[in-house]
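Got a predicted model here, sequence first, then my questions.
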Amino acid sequence: MARVLLSGLIQSIKGRVGDKVFFVLNGRHYVRQAPTKMRNPNTPRQRKVLSLFWKELELPH
């Protein structure tokens with residue numbers, strides 16, 4: 001995570017610019033890499049794990 005030093009021309013910057021995210025935390029400005037988009041391959045193994053997960057969440061009647 002990088003810290004941003006602002007000049008007199010730019011007083012504040014927040015939000016996303018390209019693959020960077022600018023944010024303020026405790027009055028200090030920072031920049032970090034934006035998270036990559038997650039893929040959902042929907043593989044047989046993934047479907048099996050999700051199926052087991054949902055079975056565990058089912059409430060007894």
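In hand now; what should we look at? Numbering: from 1, shown residues only.

quick one: residue 37 and residue 18, what's the gap?
14 Å (C-beta to C-beta, to the nearest Å). C-beta coordinates here come from the backbone N, C-alpha and C atoms, glycine included.

What's opposite residue 32 in the beta bridge?
Legend: beta-bridge partners of residue 32 under DSSP bridges are residue 21.

any chance you could map the strands in the chain?
Secondary structure of the chain (DSSP state E): strands at 2-3, 15-17, 20-25, 28-33.

okay if I get these as CSV plus mean neighbour count, mean pLDDT and distance to residue 41?
Putting those into CSV (neighbours: other C-beta atoms under 10 Å; pLDDT from 0 to 100; distance: least, C-beta to C-beta, whole Å) gives the following:
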stretch, mean neighbour count, mean pLDDT, distance to residue 41
strand 2-3, 10, 68, 32
strand 15-17, 9, 87, 26
strand 20-25, 14, 89, 26
strand 28-33, 13, 88, 23
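
Which pLDDT value belongs to residue 43?
Note on residue 43: pLDDT of 89.

To clarify, my last question referred to residue 12.
Listed pLDDT for residue 12 reads 76.

residue contacts, it?
Residue 12 makes contact with 6, 24, 29 under the criterion C-beta atoms under 8 Å, 6 or more residues apart in numbering.

Now render the residues you listed as a markdown table, adding distance to residue 48.
As requested, the contacts of residue 12 are arranged in a markdown table below (distance: C-beta to C-beta, whole Å):
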| residue | distance to residue 48 |
| --- | --- |
| 6 | 50 |
| 24 | 43 |
| 29 | 45 |
